[in-house]
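**Q** Model the structure of this input:
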Amino acid sequence: MRTEAGVEDEVLALWERYRLHHEPDVRERLILHYAPLVKYVAGRVGVGMPASVDHADLVSYGIFGLMDAIEKFDPLKGFKFETYAITRIRGAIIDELRSVDWVPRSVRSRARQLEAAMQRLESELHRSPTDEEITAELGWTIDELHDTLARISMTSIAALDEVLDVGDGDHITLVDTLQDLNVTLPEDSLDREESRRLLRDTLERLTEREQTVIGLYYFEGMTLAQIGDVLGVTESRVSQIHTKAVLSLRAKLPH
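**A** Got it, this is the predicted structure:
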């Protein structure tokens, strides 16, 4: 039976062989080793998506991202492959979903209206706006707001782990700015400390319930259904709270 240390040594040896010779069979072994990472990312991206989006399709999209990550990764730079690959895998899945363009134009339009209104209110109030304040700003009813949040959450466009373009070729994810990572991705030259400060400030402006949802989902690894049980609300309501909280966080990140 192989020990964890033994497996790690074997993987390191594979990376060394692939770096020197780029052997196809070695690449296949690396793909098989890291395949669970693709399933993990596909599962996170697929949260809240309609049943018409097949999980197997997300995995197949992600495999291309994994292959790209293996091809471009340089183990000599000291970066952790898993951290580097997650960005590539997620990007490949999101790019493919966007190319399909199955999200109704009306949903995208209302999402832009909602995010713009939340940015205005955040600037004025210096905190996360309440549902009532948002509806007053937009002239919507509470039911219309909740319906819009539900539709946005199904598009998976409001996620802390979405890759954001911050200009000048730099990319970053919101969840990366909230974690104390010990690595810096090659393509991330954005000032992370400033980003963390901005996100910490914004987290403090969220409502207690929004902070709870963000904490349980991203840091405790709980599902939306499990969080609903904790809060005593439905899974769909948790999804709405999550979407609104993330829109508030997105409004504070330069992009």
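**Q** Around L247, count how many other residues there are.
**A** L247 has 22 neighbours, counted by other CB atoms under 10 Å. To be clear about C-beta, it is placed using only N, CA and C from the backbone, and glycine gets the same treatment.
**Q** per-residue pLDDT, it?
**A** Looking at L247, its pLDDT is 83.
**Q** In which helix or strand does it reside?
**A** Using DSSP states H and E, L247 sits in helix 235-250.
**Q** by contact count, what packs against that helix?
**A** helix 105-125, helix 142-155, helix 174-178, helix 192-205, helix 208-214, helix 224-231 (3 or more CB pairs under 8 Å, 6 or more residues apart in numbering; DSSP states H and E).
**Q** can you give me how far it is from the chain middle?
**A** 13 Å (CA atoms, centre = their mean, to the nearest Å).
**Q** any idea of the angle it forms with helix 142-155?
**A** 80 degrees (axes from the mean of the first three to the mean of the last three CA atoms, to 10 degrees).
**Q** buried set for helix 235-250?
**A** 237-250 (16 or more other CB atoms under 10 Å).
**Q** rewinding a little: right, so of the helices and strands packed on helix 235-250, which gets closest to A35?
**A** Distance to A35, taken as CB to CB, is lowest for helix 174-178 among the helices and strands packed on helix 235-250, at 22.1 Å.
**Q** Could you give the average pLDDT over the closest one?
**A** Rounded mean pLDDT across helix 174-178 is 49.
**Q** that's a strand at V233, yeah?
**A** No. Secondary structure assignment places V233 outside any strand; it is coil (DSSP: H, G, I helix; E, B strand; the rest coil).
**Q** list the contacts for it?
**A** By CB atoms under 8 Å, 6 or more residues apart in numbering, the contact list for V233 reads I241.
**Q** swap in Q226?
**A** L216.
**Q** ok, now how distant is it from L206?
**A** 20 Å (CB to CB, to the nearest Å).
**Q** What of K72?
**A** For K72 relative to L206 (CB to CB), the value is 36 Å.
**Q** S128 now?
**A** S128 is 5 Å from L206, by CB to CB.
**Q** Report the set of residues contacting both of the two.
**A** With CB under 8 Å, 6+ apart, S128 and L206 have common neighbours 245, 248.
**Q** Those two: which has the busier surroundings?
**A** Taking neighbours as other CB under 10 Å, S128 and L206 compare with S128 leading, 24 against 20.
**Q** gap between the more buried one and I152?
**A** 16 Å.
**Q** likewise K72?
**A** Taking CB to CB, one finds K72 at 32 Å from I152.
**Q** higher neighbour count, the two?
**A** The neighbour comparison of K72 against I152 (other CB under 10 Å) goes to I152, with 25 against 11.
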